[in-house]
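Q: structure of the sequence below:
(one chain, ligands or ions: 3)
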Amino acid sequence: MKKILIEVVIFGALTTSHNQILANMNHSSGHNHNTTFNQATFVKEFQKSLLLPPILNGKVQNGVRTFDLSVTKGKWEFIDGKFTETYGYNGPILGPILSLKKGEKTKINITNNLAEETTVHWHGGILSQNVDGVHNANIQPNTKKSVEFILNQPAATLWFHPHPMHKTASQVYKGLAGLIYLEDEQSQNLNIPKTYGVDDFPIIIQDKKLTKDGELTYSTTHMEKIHGKSGGHLMINGVISPYIDIPNGLIRLRIVNGSNATNYDIDLNGKDFYQIGSDGGLLSNPVTMKNLSLAPGERGEILIDSNILNKKSYLYINQKKALELRKNEKFGLTSIPKALVEIPKISKNLENLKTRVFTLKTTSKGNTINNIPYNMEKLNFEVQKGTQEIWEIKNGSKMMDMPHPFHVHGAQFRVIERNGKTPPLNEQGWKDTVNLNAGDTVKILISYTTDGITVYHCHILEHEEGGMMGQFQINN
Ligand code: C2O
Ligand code: CU
Ligand code: CU
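A: Ligands and ions are numbered 1, 2, ... in the order given. The predicted structure follows:
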């Protein structure tokens with residue numbers, strides 16, 4: 001029943017607006033399009049619509065919602081007429097959106113059709129070591145693996161990506177990234193836009209370096225190992241400079257920074273919008289903003305009231321027009337809810353909690369946390385399941401003036417302090433990745449509810465692979 005409903009919605013999106021659905025993309029048929037971030041001579045901007053990944057509901061078999069995910073090689077037309085070799089889940093680039101419900105048993109059957117090993121990590125999922133996709137999770141070429149889990153956490157936009165040792169950065173860069181829309185009763189009952197492709201849009205932002213022939217290769221120079229791999233072509237859902245048709249009223253953008261290393265500042269050229277969600281869930285109240293900064297790995301859900309926009313407006317990313325917003329004849333929701341969800345208050349007496357310090361450093365010699373690089377054979381510490389701690393995270397890079405987005409697996413935490421102050425409102429919800437600019441110190445409150453070996457790392461993927469990672473064991 002549910003499935004049919006969703007298909008009607010997608011069909012509706014196709015016929016009533018011109019937003020395209022990224023289904024069955026075994027060969028790209030020219031519906032992906034391009035312009036460039038700083039090489040606008042390659043292609044024309046805002047000629048083609050935003051691609052919408054297919055949203056999957058899976059099949060329920062014996063009470064388990066089951067999905068098939070195949071990791072494949074493909075060709076993708078970033079630049080008109082040029083075919084780029086890419087990786088994708090169930091298609092040439094990116095992946096589908098898995099629509100999951102809180103508390104429901106989920107099974108994912110993964111087939112690796114690549115010529116190299118991979119793993120799938122469920123970024124933001126509060127999951128134990130055995131299903132997290134990091135340790136002993138390698139899926140060899142031409143083999144299959146099934147993973148079963150239950151996400152018992154608030155509704156959120158999560159994502160999944162590869163996490164094999166030393167291959168995470170290259171595999172993400174070549175295109176592997178998909179989304180999870182986790183819903184719960186509260187998110188379904190709220191009066192916010194939720195019609196996929198009509199007023200609710202996924203926005204996966206990435207930047208890649210393409211040659212004029214569309215070649216995309218992953219290699220890193222010494223400087224790129226230090227600063228991370230970024231590129232001159234900015235893309236949204238695998239498309240350079242797309243447009244979307246939007247109704248008159250509220251639209252919801254579920255924005256994911258899926259880049260290897262680039263921070264994005266997102267704005268409407270001075271106009272207000274409202275942040276309603278962070279990495280791990282909806283915020284308690286919408287937060288009025290003029291700029292949203294997202295570091296690699298972070299997500300932000302925003303509402304835009306298109307009534308304040310011109311017929312044609314733009315979403316800007318790092319001060320460049322990145323997405324054209326075209327108002328159509330339809331009408332959407334108009335009132336922004338005052339309150340969204342209850343988020344537990346942070347207790348005033350945290351004094352008796354243990355504090356752990358993590359100092360992240362990049363030097364010309366490499367990347368470390370607390371002066372040691374990641375060692376797969378060693379635990380950095382152990383904790384007890386069911387306990388809470390405070391982590392004090394510091395960006396300790398002195399010479400290298402760069403941000404480090406700090407990510408923890410198997411948990412959603414709360415930011416309790418940023419540089420000695422209460423964090424901004426939009427950072428007070430559930431987080432799994434927190435950005436630290438040079439010199440920043442952030443304190444988070446973390447609860448251990450999973451078990452096994454859990455990693456934490458910088459989400460600049462070149463830093464992660466260069467050693468800015470650690471692991472701890474949660475003992476039962
Ligand atoms: Cu999104 Cu360990 O990663
Ligand atoms: Cu993760
Ligand atoms: Cu870093």
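Q: up against ligand 1, what does this protein have?
A: Residues of the chain lying close to ligand 1 by Cβ under 6 Å from any ligand atom are His121, His123, His161, His163, Gly297, His407, His409, Val455, His457, His459. C-beta coordinates here come from the backbone N, C-alpha and C atoms, glycine included.
Q: what residue in the stretch 201-350 of the chain comes nearest to ligand 2?
A: Using Cβ to the ion, Gly297 is the residue of the stretch 201-350 of the chain that sits closest to ligand 2, at 7.2 Å.
Q: leaving out sequence neighbours, find the closest residue to that residue.
A: His459 (3.5 Å; Cβ to Cβ, 6 or more residues apart in numbering).
Q: could you list the low-pLDDT ranges of this structure?
A: Low-confidence regions of the chain, defined here as pLDDT under 70, cover residues 1-42, 399.
Q: and it, which residues reach ligand 3?
A: The interface of the chain toward ligand 3, taken as Cβ under 5 Å from the ion, is made up of His404, Cys458, Ile460, His463.
Q: so the third one touches Ser259, yeah?
A: No. The criterion here is Cβ atoms under 8 Å, and Ile460 misses it with Ser259 at 9.0 Å.
Q: any shared contact partners between those two?
A: Both Ile460 and Ser259 are contacted by Pro296, under the criterion Cβ atoms under 8 Å, 6 or more residues apart in numbering.
Q: need phi/psi at the residue of the stretch 201-350 of the chain closest to ligand 2.
A: Backbone torsions for Gly297, taken as degrees, to the nearest 10, come to phi 100, psi -20.
Q: swap in Glu427?
A: phi -110, psi 10.
Q: that one and Lys105, how far apart?
A: In this structure, Glu427 lies at 32 Å from Lys105, with Cβ to Cβ, to the nearest Å as the measure.
Q: again, but for Thr217
A: Taking Cβ to Cβ as the measure, Thr217 and Lys105 are separated by 40 Å.
Q: cool, and Leu52?
A: Between Leu52 and Lys105 the distance is 27 Å, computed by Cβ to Cβ.
Q: neighbour count: Glu427 and Lys105, which is higher?
A: In terms of neighbours (other Cβ atoms under 10 Å), Glu427 is the more surrounded of Glu427 and Lys105; the figures are 20 against 15.
Q: burial count for the residue nearest to the more buried one when sequence neighbours are not counted?
A: Leaving aside its chain neighbours, Glu427 sits nearest to Val415 (4.9 Å; criterion: Cβ to Cβ, 6+ apart). Residues lying near Val415 (other Cβ under 10 Å) number 21.
Q: so what's Val415 up against?
A: For Val415, the contacting residues are Pro423, Glu427, Gln428, Lys431, Val434, Val442, Lys443, Ile444, by Cβ under 8 Å, 6+ apart.
Q: from what I can see the fifth one touches Asp440, true?
A: Put plainly, it is Val434. No. No contact is recorded between Val434 and Asp440 when judged using Cβ under 8 Å, the distance being 9.3 Å.
Q: of all residues in the protein, which one is closest to ligand 2?
A: Here the chain gets closest to ligand 2 at one residue, His123, 3.7 Å apart by Cβ to the ion.
Q: can you tell me who the residue nearest to the spatial centre of the chain pairs with across the strands?
A: To find the centre residue of the chain, average its C-alpha atoms and take the closest one (Cα atoms, centre = their mean): that gives Val256, at 3.9 Å. Following DSSP bridges, Val256 is listed with bridge partners Ile204, Arg299.
Q: how much space separates it from Asn142?
A: Separation of Val256 from Asn142 (Cβ to Cβ) stands at 30 Å.
Q: quick one: the strands in the stretch 351-476 of the chain?
A: Taking DSSP state E, counting those that start in this stretch as the criterion, the stretch 351-476 of the chain contains strands spanning 355-363, 366-369, 381-384, 388-395, 404-408, 413-418, 430-431, 433-436, 441-447, 452-458, 469-475.
Q: what strands line up against the longest strand seen in the chain, and which way round?
A: Residue-count comparison of every strand in the chain, with assignments taken from DSSP state E, identifies strand 64-79 as the longest. Using DSSP bridges, the neighbouring strands of strand 64-79 in the sheet come out as strand 59-61 (antiparallel), strand 82-89 (antiparallel), strand 105-112 (parallel).
Q: highest mean neighbour count out of these?
A: Looking across the strands paired with strand 64-79 with neighbours counted as mean count of other Cβ atoms under 10 Å, the highest average goes to strand 82-89: a mean of 22.
Q: which other residues reach it?
A: Outside of strand 82-89, the residues that reach it under the criterion Cβ under 8 Å, 6+ apart are 25, 28, 69-78, 92-96, 114, 160, 171, 174-176, 178, 210, 212-216.
Q: please, a ChimeraX command that selects the buried ones among these?
A: Typed into ChimeraX, the line below selects the buried ones among the contacts of strand 82-89, using 16 or more other Cβ atoms under 10 Å:
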select :25,28,69,70,71,72,74,76,77,78,92,93,94,95,96,114,160,171,174,175,176,178,210,214,216
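Q: you'd agree Asn307 is in a helix?
A: Yes. If the criterion is DSSP: H, G, I helix; E, B strand; the rest coil, then Asn307 is within a helix.
Q: so how far is Ile240 from Val341?
A: For Val341, the distance to Ile240 (Cβ to Cβ) stands at 35 Å.
Q: and Leu461, by the same measure?
A: Leu461 sits 21 Å away from Ile240 when distances are taken as Cβ to Cβ.
Q: higher neighbour count, those two?
A: Legend: neighbour count by other Cβ under 10 Å for Leu461 and Ile240, higher for Ile240 (28 against 24).
Q: that one bridge partners, please.
A: When assigned by DSSP bridges, Ile240 has beta-bridge partners Met235.
Q: residue contacts, the nearest residue to Thr106 once chain neighbours are set aside?
A: Using Cβ to Cβ, 6+ apart and skipping the chain neighbours, the partner closest in space to Thr106 is Arg65 (5.1 Å). With contact taken as Cβ under 8 Å, 6+ apart, Arg65 is in contact with Asn57, Gly58, Lys59, Leu100, Lys101, Glu104, Lys105, Thr106, Lys107.
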